[in-house]
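# Please work out how this folds:
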Amino acid sequence: MQIRVITVEREYGSGGAMIAQRLAEHLGWKLWDRDLTEEIARVARVDHKAAQRCDERCDPLLYRLFKVYARGSYERHLPVDSDSGGVFDTDRMVGILRKVVADVASRGNCVILGRGSPFILQDRPDAFHVFVFASAEEKIRRVMTLGKTEKEAAQLVEEIDAERAAFIRRYFGKVWPHRPLYNLMINSKFGDELVVDTILQSVVALEKLPASAAQSVKV
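Okay, here's the model as predicted:
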């Protein structure tokens, strides 16, 4: 069985976004991060200029859950109104998200960062799902390299993962992270390169298994 899609979910501050980028670069695959958000906006025919005005008309809780789901990446730039005048709230976004993620996965040779992608693609036999985590101390240390104080970093680490968990609970009905979903859960404290190498080795090992066995394997 050949793996054609790798999804990467991560705790905030664990370095998962950079790991996904390095993984895609190593494989020569497409990284769907910013481009995925732009594709959602394109499908929704979103008017970027109306974002602030329309944000006030959205369900504030649902919109906030998505906007902060992967704060520190590109999702926060997603506009919230379509050129047809309809409100682009989180309910509508998730409907479009499911279609867009399924579409990009069908093209293959891609790494998809977050957005609930492992939940959406859990039935694809050619998808490999990774969850990157780290200790609170490691996450705070990484966030502080972005110019945050220790107090600010600790608050972001706590709040953002709580918000991601709320998003997954509402739209996918699971406790985040949903451990049975992932092929590999890995601690990033030993460095991004080691994480990337481990993911690649795990993918190769899985591909060598018979298809019937590979479908039931969680590394």
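# quick one: what helix or strand has the residue lying closest to residue 13 once chain neighbours are set aside in it?
Nearest in space to residue 13, with sequence neighbours left out and distances taken as Cβ to Cβ, 6 or more residues apart in numbering, is residue 139 at 3.0 Å. (C-beta placed from N, C-alpha, C; glycine too.) Using DSSP states H and E, residue 139 sits within helix 136-144.
# circling back to that earlier point, residues in contact with the residue nearest to residue 13?
11-14, 153, 157 (Cβ atoms under 8 Å, 6 or more residues apart in numbering).
# helix or strand right after the helix holding residue 139?
Following helix 136-144 in sequence order, the next helix or strand is helix 150-172 (DSSP H and E).
# show me where the protein has helices.
Secondary structure of the chain (DSSP state H): helices at 16-27, 34-44, 51-55, 60-67, 90-107, 117-120, 136-144, 150-172, 192-208, 211-214.
# residue ranges with poor pLDDT in this structure?
Flagging of the chain using pLDDT under 70 yields the residue ranges 46-91, 211-219.
# mind running it again at 90?
Within the chain, the ranges that satisfy pLDDT under 90 run 1, 33-100, 114-116, 159-172, 207-219.
# Please identify the most buried of the helices of the chain.
Greatest average neighbour count among those goes to helix 117-120 (a mean of 24), per mean count of other Cβ atoms under 10 Å.
# quick one: residue 192 and residue 17 touch, right?
No - Residue 192 is not in contact with residue 17 according to Cβ atoms under 8 Å; the separation is 10.2 Å.
# Just give me the closest of the contacts of residue 139 to residue 25.
residue 14 (18.6 Å; Cβ to Cβ).
# Against residue 21, how distant is the closest one?
In this view, residue 14 and residue 21 are 14 Å apart by Cβ to Cβ, to the nearest Å.
# Report the separation between the spatially most central residue of the chain and residue 12.
Nearest to the mean C-alpha position of the chain, by Cα atoms, centre = their mean, lies residue 114 at 0.4 Å. Here residue 114 is placed at a distance of 10 Å from residue 12 (Cβ to Cβ).
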